[in-house]
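> Pasted the sequence and its predicted model underneath.
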Amino acid sequence: MGKRNTGKSTKLFGLFNLLDLLILVFLFALVGTLVLRSNLKESFAGTADDVTIDFSVRVEPVRVMTYMAVKEGDPLFDDETGVQIGTVTRVTATPYLREATLIDGTMVTSPDPEYLTVIIYAQGTGKKGELGFMLNGSRLCSPGGNIKVGSTKLATNGRFETVEAAS
Amino acid sequence: MNKTTRRRRGINFFDLFVLLMVVAVLLVAAYFINGSKRITTGGGTPVTVTYSVEIKNLSEQVSKSAVIGSAVRDGVRKASLGKVKRVEIVPMWYMKNDLETGEIKRVEVDGRYTATVVCEAQGELRGGRIVINEFTIGVGSEIALQSEGISGTGYCVALDYVETQQ
């Protein structure tokens, strides 16, 4: 009778062996994590040293309030992960060129008097791999890629304009 | 009912322990899979944040219904975002091109209004970001504003802060 009680106490819900289940769950989680992460990590395994990366992010169409919300020296974040990806080195603004359809059906671009194209230039560190630059282990980036970009007073959507190793 | 009978029914201490372990492993796995979002908690500098939310395409009735001093929260993230300080109302406008020249002009919409709700809240300057009740805010943030007088989804169009005296 005493032997039977001891056996029951080691079974989860009276069905599974406690230790076996723990090991199985751990192994499944470990293997799953490694499989999902391995492809990306392999791409950057060859470059051990960080490189300095100059990049710019185009934000448009935005109004002057957005331009005024970011300035040189501000930290720049990937707003999806919360990781700082660089520091702002320069911000420019030009009139946003809006597409306009004319009465004859042709399309032209015309400067918008209210909206701007803001380009945020920044510098950060990261690694270079087969897939391009990885900014601060957070953001795989190349020109044309989208990013939710944030700063101390800014949180908006943008697109990488230039990405290159600092000379 | 003896001890053996009790163990056969319900969840015992070891079952609970295993469940907690499973949850912990899943959370760790999710952390690595989704990326290491670095959330720093506490240690921020207390600040008084003044921000504006622009809500477009409102009727005259709704645009004038904001209650100064009423509490504000984000309806999606359920975060308390301070109180309404003032409201500015202007006719709604949009940009339209001239069909012959292509020139882009600002055009007002008759009978529709844009309300800019200026709010004030206590927050933190944490890790270079402005955080109000765990809501990271900046110019461009989408806010599902809810308050006693006026509600609506809009974007934060202005933000400033001053460090709070302790």
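Sure thing, it's come through.
> in the lengthiest strand in chain A, what's buried?
Scanning chain A for the strand with the most residues, using DSSP state E, yields strand A:107-129. Using 16 or more other C-beta atoms under 10 Å in any protein chain shown as the test for burial, strand A:107-129 gives A:110, A:112, A:114-129. To be clear about C-beta, it is placed using only N, CA and C from the backbone, and glycine gets the same treatment.
> helix or strand right after it?
Downstream of strand A:107-129, the next assigned helix or strand under DSSP states H and E is strand A:132-135.
> Not counting residues beside it along the chain, what's closest to residue 140?
Here I'm looking at chain A. The shortest distance from residue A:140 to any non-neighbouring residue, by C-beta to C-beta, 6 or more residues apart in numbering or on different chains, is to residue A:134 (5.4 Å).
> wrong chain, I was asking about chain B
In space, and not counting its chain neighbours, residue B:140 is closest to residue A:156: 3.1 Å by C-beta to C-beta, 6+ apart.
> show me what contacts the most centrally placed residue in chain A?
Nearest to the geometric centre of chain A sits residue A:139, at 3.8 Å (C-alpha atoms, centre = their mean). Residue A:139 makes contacts with A:78, A:81, A:83, A:85, A:147, as judged by C-beta atoms under 8 Å, 6 or more residues apart in numbering or on different chains.
> Which two among these are spaced furthest apart?
A:83 and A:147 (11.5 Å; C-beta to C-beta).
> Give me the more crowded residue out of the two.
Neighbours per residue, other C-beta atoms under 10 Å in any protein chain shown: of residue A:83 and residue A:147, the larger number sits with residue A:147, 22 against 18.
> Which residues does the more buried one form beta bridges with?
Beta-bridge pairing for residue A:147 (DSSP bridges): residue A:158.
> That one contacts residue A:163, correct?
No: using C-beta atoms under 8 Å, residue A:147 is not in contact with residue A:163, being 10.8 Å away.
> anything in contact with each of those two?
With C-beta under 8 Å, 6+ apart as the test, residue A:147 and residue A:163 both reach residue A:141.
> Got the domain ranges for chain B?
Split into domains by automatic domain parsing, chain B comes to B:3-34, B:45-163.
> Determine which of these approaches residue A:55 most closely.
Taking C-beta to C-beta, domain B:45-163 is the member of the domains of chain B nearest to residue A:55, at 17.9 Å.
> how long is that closest one end to end?
7 Å (C-alpha to C-alpha, to the nearest Å).
> for the record, mean pLDDT for it?
Mean pLDDT, domain B:45-163: 94.
> Could you give me the buried positions within the strand or helix carrying residue B:14?
For residue B:14, the host element (DSSP H and E) is helix B:13-34. Across helix B:13-34, burial judged by 16+ other C-beta under 10 Å covers B:15, B:18, B:25, B:29.
> coming back round to it: so what's the residue count around the residue nearest to residue A:140?
22.
> all strands for chain B, in order.
Ranges of strands within chain B are B:45-58, B:71-74, B:80-97, B:104-126, B:129-132, B:135-137, B:142-147, B:152-163, based on DSSP E.
> likewise chain A?
With strands called from DSSP E, chain A shows them at A:11-12, A:16-17, A:51-62, A:75-78, A:83-101, A:107-129, A:132-135, A:139-141, A:146-150, A:155-165.
> which ones are touching residue A:88?
Shown in contact with residue A:88 (C-beta under 8 Å, 6+ apart): A:70-76, A:120-122, A:151.
> redo that, cut-off 10 Å
A:57, A:70-76, A:120-123, A:151-152, A:154 (C-beta atoms under 10 Å, 6 or more residues apart in numbering or on different chains).
> now swap in residue B:119 and tell me
Neighbour list for residue B:119: B:49-53, B:70-72, B:81-87, B:132, B:143, B:145, B:147, B:156 [criterion: C-beta under 10 Å, 6+ apart].
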